[in-house]
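Student: Give me coordinates for this.
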Amino acid sequence: MTRTRDDTLAGIRSRTVDTDRLETHYLETDDETREGDADGTVVFVHGNVSSSRFFEDVMVDLPAGYRAIAPDLRGYGDSETKPVDATNGLGDFEADLRALIAELDGTDPLTLVGWSNGGGVVMRYAIDNPDAVDSLVLINPLSPYGFGGTKDEEGTPCFDDYAGSGGGLGNDEFVGGLADRDRSEGGQASPRKILRTYYVDPTHEFDEEREESYLTGMLDTETGDENYPGDSMPSENWPGVAPGEHGVNNAVSPKYCSLEEITEIDPDAKPPVLWIRGDSDQIVSNESFFDVGTLGRMGEVPGWPGEDVFPPQPMVDQTRAVLEAYADSGGEFEEVVFGNTGHTPHLEVPGDFLDELEGVLE
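Tutor: Okay, the predicted model is just below:
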């Protein structure tokens, strides 16, 4: 049975709705605590190993008059768990989101805010439904060429079977901590350690109560071959594993994840894009500590074939190249970089983040 939360911040309501695809839990702003008619709808889409909890603080401070919705994607938070068909890329998540918006009678163009993998989901949404999107806000987004296994700005795969990406590269200690709902502070790959060290700049200090909520949002992740991290296939190429066909990390493998098609949206339908990122992000960067190319170069994964064969994936450069092509083909984008900020600018510098978001809404 899907739970409806009773620990939301004041001004936020927890709801669950049955769509034709998924029993979806979502958070929304409480109309009774806000003034004025709805000037528009903002949809916040979370990333991997997280949930709608990571957007509560921003939703509370959203300007009066805007309706905010933050769903839990399948297998996350308090939404129903269903298998992820990785061969469809991020298609399952995008279709689930579309079904939710239809169920909530969303007819006006939306401002879509996607963080990390959620950035990939909202890009997919815009590619498939450009007329339904008023603007895109991408927070430290997944590269348009997916995560892992590519070596240049054009997204060229390191190997034909996309070895070095997908579900086989999940950290066993971390996955086990999620499965065991480990709230301890021990271990280099415990969920709490990962939250404090990699989700934010390591110098960031959490409010104690909010940290517990974010940690719960991480632990509410369904683990296994069909969800996080997913299954894998053996490979003759380094590091010996290639993507399987199920689960989240395979869905974002470049074998199946293709978002550069965003440049092909009709110029008259291209929504403006605001790209926000932290300058000390260790998860989505040109030298991500979660990318096996980076780890190989550091000597953490034996047998690294070298810079020419498998360099760290230039994730930021890939995103910039695609967005520049997006602008050259009739769209527009702006890149905003926050200093001393990691993977979650909306938590680390919420005031600055809201200033940028309000500029989009205005």
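
Student: So, low pLDDT: which residues of the chain?
Tutor: 1-3, 31-38, 106-107 (pLDDT under 70).

Student: what about the strands in the chain?
Tutor: 12-18, 23-29, 40-45, 66-71, 110-115, 133-139, 223-224, 228-229, 232-234, 241-243, 273-278, 333-338 (DSSP state E).

Student: ok, residue 311 - how many residues close by?
Tutor: The number of residues packed near residue 311 is 20, by other Cβ atoms under 10 Å. C-beta coordinates here come from the backbone N, C-alpha and C atoms, glycine included.

Student: Going along the chain, name the helices of the chain.
Tutor: 56-60, 91-103, 117-128, 172-179, 191-194, 208-219, 248-251, 292-297, 315-328, 345-348, 350-361 (DSSP state H).

Student: And the third one, what does it pack against?
Tutor: In other words, helix 117-128. Contacts defined by 3 or more Cβ pairs under 8 Å, 6 or more residues apart in numbering; DSSP states H and E place helix 117-128 against strand 40-45, helix 91-103, strand 110-115, strand 133-139.

Student: Identify, out of those, the most deeply packed stretch.
Tutor: Stretch with highest mean neighbour count among the helices and strands packed on helix 117-128: strand 110-115 (a mean of 26; mean count of other Cβ atoms under 10 Å).

Student: returning to that earlier point: which one of the strands of the chain lies closest to residue 327?
Tutor: Between residue 327 and the strands of the chain, the shortest gap by Cβ to Cβ is with strand 333-338, which sits at 5.6 Å.

Student: what about the closest one, distance to the chain center?
Tutor: 17 Å (Cα atoms, centre = their mean, to the nearest Å).

Student: Also stretch 350-362?
Tutor: From the chain centre to the centre of stretch 350-362 is a distance of 19 Å (Cα atoms, centre = their mean).

Student: same deal with stretch 224-234?
Tutor: Taking Cα atoms, centre = their mean, one finds stretch 224-234 lying 18 Å from the centre of the chain it belongs to.

Student: can you pull the buried residues of it?
Tutor: 224, 225, 226, 227, 228, 229, 230, 231, 232, 233 (16 or more other Cβ atoms under 10 Å).

Student: Just give the closest residue to the third one, not the sequence neighbours.
Tutor: Right, residue 226. In space, and not counting its chain neighbours, residue 226 is closest to residue 83: 3.8 Å by Cβ to Cβ, 6 or more residues apart in numbering.

Student: wait, what's in contact with the one you found?
Tutor: 226, 227, 246 (Cβ atoms under 8 Å, 6 or more residues apart in numbering).

Student: quick revisit: distance to residue 198 for the strands of the chain - can I get that in a markdown table?
Tutor: Output for these, formatted as a markdown table (distance: least, Cβ to Cβ, whole Å):
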| stretch | distance to residue 198 |
| --- | --- |
| strand 12-18 | 26 |
| strand 23-29 | 24 |
| strand 40-45 | 20 |
| strand 66-71 | 22 |
| strand 110-115 | 14 |
| strand 133-139 | 15 |
| strand 223-224 | 18 |
| strand 228-229 | 16 |
| strand 232-234 | 22 |
| strand 241-243 | 22 |
| strand 273-278 | 11 |
| strand 333-338 | 16 |
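
Student: so which of the ones you listed comes closest to residue 159?
Tutor: When the strands of the chain are compared by Cβ to Cβ, strand 241-243 sits nearest residue 159, at 7.7 Å.

Student: Tell me which other helices or strands that closest one touches.
Tutor: strand 232-234.

Student: Residue 177: which of the strands of the chain is closest?
Tutor: Across the strands of the chain (criterion: Cβ to Cβ), the nearest stretch is strand 223-224, sitting at 9.7 Å.

Student: Identify the residues contacting that closest one?
Tutor: 175, 178, 179, 229, 247.

Student: one step back: I'd like to know how far the residue nearest to residue 226 sits from residue 92.
Tutor: For residue 83, the distance to residue 92 equals 8 Å [Cβ to Cβ, to the nearest Å].

Student: now swap in residue 175 and tell me
Tutor: Where residue 92 is concerned, residue 175 sits at a distance of 20 Å (Cβ to Cβ).

Student: hmm, which of the contacts of strand 223-224 are the buried ones?
Tutor: Looks like those have 175, 178, 229, 247 buried, using 16+ other Cβ under 10 Å.

Student: Spatially nearest residue to the first one (excluding sequence neighbours)?
Tutor: The shortest distance from residue 175 to any residue other than its chain neighbours is 5.5 Å, reached at residue 223 (Cβ to Cβ, 6+ apart).
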